[in-house]
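Enquirer: Model the following, please.
(one chain, ligands or ions: 2)
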Amino acid sequence: MSKDKSPAKLLEEKLIPKPKHAGLLLTSNELDNSHAFSERYKCFLNAAKTERESVKFTVEEAKKHGFVEFTDGLKLQTGMKIYRTNRGKSALFAVIGKEDISRGVNLIAAHIDCPRIDLKQHPLYEEREIAYFKTHYYGGIKKYQWTAIPLSLHGVIIKKDGETIEVNIGERDDEPCFVISDLLPHLSGEQNKRTLNEGIKGEELNLIIGSMPFVDDEISNKVKLNIANILFEKYGIVEQDFVSAELEIVPAFKARDVGFDRSMVGGYGHDDRVCAYTAFEGILETENPERTAICILTDKEETGSDGNTGLKAAYLRYFIADIADSFGVKYRTVLERTRCLSADVNAAFDPTFPDVVEKGNASYINYGLVMTKYTGSRGKAGTSDCSAEFIGVVRKLFEDNNILYQTGELGKVDFGGGGTVAAYLANLGMDVLDIGVPVISMHSPFELVAKTDVYETYKGFKAFYNA
Ligand code: MN
Ligand code: MN
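Expert: Ligands and ions are numbered 1, 2, ... in the order given. Predicted coordinates for the structure are as follows:
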């Protein structure tokens, strides 16, 4: 028999309740659900490693769930499910709600571009009878992490006649992969004196793609010609076709369970496909919501959201404007009354590197989805800083729906920082709060998340669409 709790103990439980690990809070049924959800999530991670592949995957799934393309003149009605894509690199999904659209919509925005390495426009060259692709990295990577691991190549090549060649090579076990070399430790004396940031330099990220010569006595770059010939036979392309190509180098390995207890998922691109997938699954399962629910999966977040597929572009506004038009409502009225979750990951506390966060305000794996009031760097520069009122609305929603949440910030004050798309959405007049999954080893080729956090995020997003 347990002793009666002291008045002080009871008071503490009432006034200063301690956060609890999801493993102690969730029922065994919920834990099973989190494992099952992660199985589906891993399939998404393995099938969609780029923004283009993510758009394809989600649009196909959406169509199976009754979403139809939002074409010009389509008359919208309550309960309808629509989608639109933007240049194959971003996608929007909506379920039309019962409430008058002039009262705003519930929007979740996640990004589907991930840190990676792109090919340059003249990538193919040969050096000492090894063939290479020249590259330019995309987003914030620690360059040394991308050497000596199997890499695959994804993207498109547009030929002179306009034909699109899709490339996806290096994922299957029976396909070749590629690699960026690093120096052996025996000869790294000079390299070891470089700072970690310069350990591998940008122009050293050269992708090895072949080593056999084209058998001929007359020409000089025999290995390059041999690779060019293989590329011509496989894809029907010539060297000049790389000028109009977008080819991305990503880790070739699959997402996998991590830990004896299988409590975590390791994989490439959790930032931000873990929020994209949870936000997308949430809207797939949303039927006849009160307010219109919208999910946007955007591109170019990792490079600052510029460009016509990034969130600073007009396409989200146009999508909402076209929905508003269909109901004869001004779109600015809808924007100003829109509630938005900017769905992006946050840095989880990593006990191996405890000094970069302030422990009382960091996020932790297995403690649920993370609410981040503000991002930015130094004195919150570049943040949208969500209002207390809107956090109050979201927090109540999560508590009413038994969704495990915590708060987070991106490191100690003045230790660095970063941003999300929240500020660009807030600039449109919406209420915006950053919500996401805590991640360990963010922006590395093999990022780590906890299954319970992924599942709580999905539940949180679903509750938000239906609020
Ligand atoms: Mn992100
Ligand atoms: Mn990122």
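
Enquirer: Against Phe319, how distant is Val105?
Expert: 10 Å (CB to CB, to the nearest Å). C-beta: built from backbone N, CA, C; applies to glycine.

Enquirer: Pick out whichever of those two has more residues nearby.
Expert: Shown here are Val105 and Phe319; by other CB atoms under 10 Å, Val105 has more neighbours (26 against 21).

Enquirer: Spatially, what comes nearest to that one if we skip its sequence neighbours?
Expert: Thr292 (4.2 Å; CB to CB, 6 or more residues apart in numbering).

Enquirer: Contact partners for that neighbour?
Expert: Counting by CB atoms under 8 Å, 6 or more residues apart in numbering, Thr292 makes contact with Ala94, Val95, Ile96, Gly97, Glu99, Ile101, Val105, Asn106, Ile323.

Enquirer: What about those, which are in helices?
Expert: Among the contacts of Thr292, DSSP state H puts Ile323 in helices.

Enquirer: Pretty sure Thr58 sits against Phe280.
Expert: Yes - using CB atoms under 8 Å, Thr58 is in contact with Phe280, at 5.2 Å.

Enquirer: Now the common contact residues for the two.
Expert: With CB under 8 Å, 6+ apart, Thr58 and Phe280 have common neighbours Phe93, Leu297.

Enquirer: Need the overlap of contacts for Val105 and Phe319.
Expert: Residues touching both Val105 and Phe319 by CB under 8 Å, 6+ apart: Ala94, Ile294.

Enquirer: Where neighbours are concerned, which of the contacts of Thr292 has the most?
Expert: Most neighbours among the contacts of Thr292, by other CB under 10 Å: Val95, with 28 neighbours.

Enquirer: what pairs with it across the strands?
Expert: Per DSSP bridges, residues listed as beta-bridge partners of Val95: Lys81, Ala293.

Enquirer: Write out the residues of the stretch 51-200 of the chain neighbouring ligand 1.
Expert: Residues of the stretch 51-200 of the chain lying near ligand 1 by CB under 5 Å from the ion: none.

Enquirer: at 6 Å instead, please
Expert: His111 (CB under 6 Å from the ion).

Enquirer: Where does the prediction get shaky in the stretch 51-200 of the chain?
Expert: Regions of the stretch 51-200 of the chain meeting the criterion pLDDT under 70 are absent.

Enquirer: What is the burial count for the residue nearest to Val68 when sequence neighbours are not counted?
Expert: The shortest distance from Val68 to any non-neighbouring residue, by CB to CB, 6+ apart, is to Ile82 (6.0 Å). Neighbours of Ile82 under the rule other CB under 10 Å: 22.

Enquirer: Check Asp400 too.
Expert: 10.

Enquirer: how does the protein divide into domains?
Expert: As given by automatic domain parsing, the domain ranges for the chain are 19-114+268-465, 116-251.

Enquirer: Start and end of the longest one, how far apart?
Expert: Looking back up the chat, that one is domain 19-114+268-465. Domain 19-114+268-465 has an end-to-end distance of 26 Å (CA to CA, to the nearest Å).
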